[in-house]
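**Student:** would you be able to build a 3D model of this:
(chains A and B)
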Amino acid sequence: MEDLPLYACEVLGSLKASYGDARLVERRVESIEVKNGAPHAVTSHLSRGIGVRVIYKGSWGFAATSSLTKRAVGKACREAVKIASAGRAARAERLELAPAEPLVAEYTTPFEEDPFEVPLEEKIGILMSADKALAVEPAVKVRRSTYEGFEERRIFASTEGAHIRQRIVQCGGGIMAVAVGNGDSQVRSWPHSFRGNFQSAGFEFVRGMDFTANAGPIASEAAALLTAPPLPEGERTVILEGGQLALQIHESVGHPTELDRVLGFEAGYAGTSFVSPEMLGSYRYGSDHVSITADATEPKGLGTFGYDDEGVPAQRVHLIRDGILEDLMTSRETAGVLSRQANGTMRADGWARMPIVRMTNINLLPGRWSFEDLLADTEDGLYMAVNRAWSIDDKRLNFQFGTEIAYEIKAGRLAKIYKNPSYTGITPSFWASCDAVCGRDDYVMWGTPNCGKGQPGQTARVGHGTAPARFRNVRVGVYQ
Amino acid sequence: MIARTRNIAMQALASTKADQVEAIVIASPSALTRFAGNIIHQNVAEHDLRLTLRVAIGKRVACASSNDTSKAGIRRLAGRTREIAESLAETADFPGLPSERPIAQVESFSPETASLTPARRAAIAAEIIEPSRQAGAGASGIVSNRYTVLTVMNTNGVHATMRSSEFRANAVVSKEGGFGYAGGISWSSRRLDIARIGRVALGKCLDSAGSAPLQPGRYAVILEPQAVAELLAYTAYMAFGAQGFIEGRSFMSGRIGERQMHESVSIWDDGLDEEGMPVPFDMEGVPKQRVSIIENGIARGVVYDTLHAAKSGTVSTGHSLGPSYARGPLPTNLFMARGASSIDEMVAGTQRGLLITRFHYTNVADPANAMLTGLTRDGTFLVEDGRVVGPVRNMRFTESMTRAFSRVEALSAKRSLEPTMLGAILVPAVKISAFTFTGATDF
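**Tutor:** As a prediction, this is how the structure comes out:
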């Protein structure tokens, strides 16, 4: 079975394809949710198959099958060529790929404890302990503790001679409390919303999170939010907590700097970008405090790997350096537009999808502040924490985020809390208002395992390294 | 493919030793041709077949799935699922798997649609693109087809199989700062007017060039069906499923029988109506029931699966999304009642307002108040003194859906089937007297 990608490349060669590659992928996912004191959903999923991508007479074709026989793979190769032939009808120009060295290589996520070797009972025990700790607050009516383990084994081969094996291991989880009362419901999560935090790591990452110790405080805050005032409308100084900042980067820096979006490939669905190639090297995207990398080499991120899904090595590139737009995420097809080499950001969702330009780990480089000093330096402001809602326009300019909670900052200290906090802005002016970024001690690699893009839909697992940062004159309290 | 899914389900039931076993087999070959800037840039096909097992040992319940459906693969999956169940504590409120109930026959399969060739999809794409090419505009969109066979069997006698097809086509056309959208979905490619998609998207694009800024605030809005469907899908996600309803997180919680929307608004779910994308049973093999959710503005009910029905002392309405989906049952065949108006009449009756083609990146802002936020996209127009006076730049709305649908002034007689994140929804165009916009973009 492991020879099938090489076999596919042989078949594609015999079919006179000018380029072809094949990815054999086996994905395992284990999910556990403990809800209100009992296992609510315990699931295990296995998906394996092979995807064949081909350039034939200047057009792309892609076919994927879960039948892992030479006969089925041969059929998929022929189908991919047939699809590419049909695509020529509406393509005047032939596509060309930027050169890439065909590599023979292997990569495995560094980890200490294989998440799939930890007994299920032990994982459930950790979640049950957290659930019990969440139950201390009577107003909390829904308690959720979640875990997910993820493993993908990939074998990539191309007609150019590349042959790469990778094993990616990831896991994570989180806890959530929903308080209900007075016709309202309020949620608090830890360490992050939407199932917690995830990293490319072994089970040692989950053990280190200590859900139980953090359960009581978030349960209390969820209950307290029921009687907290809504955040008043105004223009305020805002410190964003790292997890919220991760999503801010994701939506307002990550997606707009994907070159396929810039070139209009996503225009029919997710949209385009306010960024254009002419802006590179001169456009002021943010203040001098804002330096952002696309870094698939940084340990622990969900976008950390050895090689992307067209065999290009993982790289670290500055998208924004000292506030100036410097680079974009590219593929072998799109890099030629910038007269550059592909920077290793082509990623596919499993075996059944064609790779597209994707975020890897999009990180805001840490500054020099400690969180305590940054608070102390803020006379009047808000600390907004943990994402609850997100929305941004189809060119990635006008955004609006809601967080689970906002804390008033008065004279450098956290004070009363507000419910239903929200803030809004326009991407470049928001990033221009950043006047401080916390340092390495407060820097966390956040995992976003649910980034949607493409048609047919693809879900990517991406990372964002952040430390809390401060922004001035932010419009808050958009709705009451 | 039908025989194959049944055989796999039967093998799975026979291979699994447990008190109760459920096998869900779904085969869903699909293909999609994607174009941008008038050229096909992505062209894909996928063949997969997935088996999901749910086993119960007493009240210890587990679920696992695999697309390795060889005999050995099925045995491994059966063993793994049982192993998970054995390691769990009991789920006290597990009501058992459902028993067999009669299932209606529905028409939702077109052999022609299921087997569209790459050449035919390319020809359809070319037909959509052509008006834009001639006008010097750029068209981006998709043409896709899917063939699905679903079998659900369990050891309580459920034995349900269906086949369906799906066809989608759409386009976003752009030129000189203008954008326009048109699209559609059906179980038969013959039911969509392909030429109309290219023509309407181009027309909206040309009409929306040179858009002017508009101050955020409250405006009357005339929502075209795609915009209505988006709001309805997110409202349903927030409030029309039993889980959030039982837990007090839905605006419907404790308010059945109370007025929640304008009396002209009726919303229901009906998996058997062939005007939609019919599906005769859910992922537990339970037959779909028609569920009245909002009737003449009054909250009437939500949808249930077996678990949540048992918790509420009622019966499943056939809305399970499967044992892997932890957020409970949701409606995926929604309908909204028609009115007697038309978009032209709504425009003619509007002193000042906005005509909106569709929304983008809608999301839940505050579920307790049914508050959504999102942006207009691909054709937003100012209406003054009964006529469309010109395009405006895109606007961000932040609005409570119960409040918005309490301000309905008119619904169109004509409805259209629109794809959403919760399946296809048949909706009219709707005029709302006041809708809150909290921001604006500069394009």
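**Student:** stretch B:239-246: which residues count as buried?
**Tutor:** B:A239, B:F240, B:G241, B:A242, B:Q243, B:G244, B:F245, B:I246 (16 or more other Cβ atoms under 10 Å in any protein chain shown). In this view, the C-beta of every residue, glycine as well, is placed from N, C-alpha and C.
**Student:** okay, now the unreliable bits of the chain?
**Tutor:** Chain wasn't specified; assuming chain A. Residue ranges of chain A with pLDDT under 70: A:89-94, A:480.
**Student:** ok, and which of the buried residues of stretch B:239-246 reach chain A?
**Tutor:** By Cβ under 8 Å from any Cβ of the partner chain, no member of the buried residues of stretch B:239-246 lies near chain A.
**Student:** turn those residues into JSON lines, columns for secondary structure.
**Tutor:** Output for these, formatted as JSON lines (DSSP: H, G, I helix; E, B strand; the rest coil):
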{"residue": "B:A239", "secondary structure": "helix"}
{"residue": "B:F240", "secondary structure": "coil"}
{"residue": "B:G241", "secondary structure": "strand"}
{"residue": "B:A242", "secondary structure": "helix"}
{"residue": "B:Q243", "secondary structure": "helix"}
{"residue": "B:G244", "secondary structure": "helix"}
{"residue": "B:F245", "secondary structure": "helix"}
{"residue": "B:I246", "secondary structure": "helix"}
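**Student:** out of those, which is nearest to B:D305?
**Tutor:** B:A242 (7.2 Å; Cβ to Cβ).
**Student:** nearest spatial neighbour of the closest one, skipping sequence neighbours?
**Tutor:** B:H308 (3.7 Å; Cβ to Cβ, 6 or more residues apart in numbering or on different chains).
**Student:** in whichever strand or helix holds the one you found, which residues are buried?
**Tutor:** Assigned by DSSP states H and E, B:H308 falls within helix B:306-312. Within helix B:306-312, the residues scored as buried using 16+ other Cβ under 10 Å are B:T306, B:L307, B:H308, B:A309, B:A310.
**Student:** among the residues you listed, which one lies nearest to chain A?
**Tutor:** B:L307 (9.7 Å; Cβ to the nearest Cβ).
**Student:** can you mark which positions in stretch B:352-363 are buried?
**Tutor:** B:G353, B:L354, B:L355, B:I356, B:T357, B:R358, B:F359, B:H360, B:Y361, B:T362, B:N363.
**Student:** picking up where we left off before, ok now the very next helix or strand once past the helix holding B:H308, how far from the chain's centre?
**Tutor:** Counting by DSSP H and E, the next helix or strand C-terminal to helix B:306-312 is strand B:334-336. Chain-centre distance of strand B:334-336: 10 Å, with Cα atoms, centre = their mean, to the nearest Å.
**Student:** which stretches of chain B form helices?
**Tutor:** In chain B, the helices defined using DSSP state H lie at B:2-15, B:71-86, B:111-114, B:118-135, B:194-208, B:225-239, B:242-246, B:306-312, B:343-348, B:401-404.
**Student:** same list, those, but as a markdown table with distance to B:L51 and mean pLDDT please.
**Tutor:** Shown next, in a markdown table, are the helices of chain B (distance: least, Cβ to Cβ, whole Å; pLDDT from 0 to 100):
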| stretch | distance to B:L51 | mean pLDDT |
| --- | --- | --- |
| helix B:2-15 | 6 | 97 |
| helix B:71-86 | 6 | 96 |
| helix B:111-114 | 21 | 96 |
| helix B:118-135 | 28 | 96 |
| helix B:194-208 | 36 | 97 |
| helix B:225-239 | 28 | 98 |
| helix B:242-246 | 26 | 96 |
| helix B:306-312 | 20 | 97 |
| helix B:343-348 | 47 | 98 |
| helix B:401-404 | 38 | 98 |
